[in-house]
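Novice: I'll drop the sequence and a predicted model, then ask my questions.
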Amino acid sequence: MNRLKLLQFGSVAVGAMDAVTGLLLILVPGLVLRLLGIAPVAEESLVFLRWIGVFVMSVGLSYGLCLRGRAAAETVWAFTGTVRILVCVFLVGQVVTHHLEPAWLLVAISDGTVAIVQFIGLRAAWWKGGGT
């Protein structure tokens, strides 16, 4: 598998992870919380988890644009990397200030790790054939 195909495959896989997570947040938000080890929320709060699910699914689906070529893929990585870093920082801040359970750190670590890999890849020009 050449570099471009590997990058595209990885991007689509990460996007699929988000798209499925988002869809599950829309359809069965309580299940997602249980799988993450997060305490259930009040019934009236589920609408907000579903709303977040729409956002998460949208971010995931945007990775499909990586299949359109280098320029589109770099744009997707720059945008989603920024979103992921912002989510990571927000979640860590909320956990540190005891507004969210520590279990949310799994999401922060996941988003932060993907963002760092994407920013390293952009800096190293992986999509242009640079770096290793």
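Specialist: Good, I have the coordinates. Note that the coordinates shown come from a computational prediction; the quantities given were computed from them, not determined experimentally.

Novice: tell me how far I26 lies from G53.
Specialist: Between I26 and G53 the computed distance is 4 Å (Cβ to Cβ, to the nearest Å). For every residue, glycine as well, the C-beta is placed using N, CA and C.

Novice: the more surrounded of the two?
Specialist: G53 (20 against 17; other Cβ atoms under 10 Å).

Novice: can you tell me the SS state at the more buried one?
Specialist: helix (DSSP: H, G, I helix; E, B strand; the rest coil).

Novice: mind listing what it touches?
Specialist: Residues in contact with G53 (Cβ atoms under 8 Å, 6 or more residues apart in numbering) are 21-26, 29.

Novice: could you rerun that using 6 Å?
Specialist: G53 makes contact with 22, 25-26, according to Cβ atoms under 6 Å, 6 or more residues apart in numbering.

Novice: which one of those residues sits closest to S45?
Specialist: Distance from S45 was checked for each of the contacts of G53 by Cβ to Cβ. The minimum falls on L25, at 12.3 Å.

Novice: what is the neighbour count of the closest one?
Specialist: Per other Cβ under 10 Å, the neighbour tally for L25 reads 23.

Novice: tell me the secondary structure at it.
Specialist: Following three-state DSSP, the label given to L25 is helix.

Novice: distance check, it against L31.
Specialist: Taking Cβ to Cβ, one finds L25 at 9 Å from L31.

Novice: for the helix ranked longest in the chain, name the packing helices and strands.
Specialist: When the chain is parsed with DSSP state H, its longest helix is helix 70-96. Applying 3 or more Cβ pairs under 6 Å, 6 or more residues apart in numbering; DSSP states H and E, one finds that helix 70-96 contacts helix 46-62, helix 105-123.

Novice: by how many degrees do the longest one and helix 46-62 diverge?
Specialist: Interaxial angle of helix 105-123 relative to helix 46-62 (axes from the mean of the first three to the mean of the last three Cα atoms, to 10 degrees): 20 degrees.

Novice: now helix 105-123: buried residues?
Specialist: By neighbour count, with 16 or more other Cβ atoms under 10 Å as the criterion, the buried positions of helix 105-123 are 105, 107-108, 110-112, 114-115, 117-119, 121-122.
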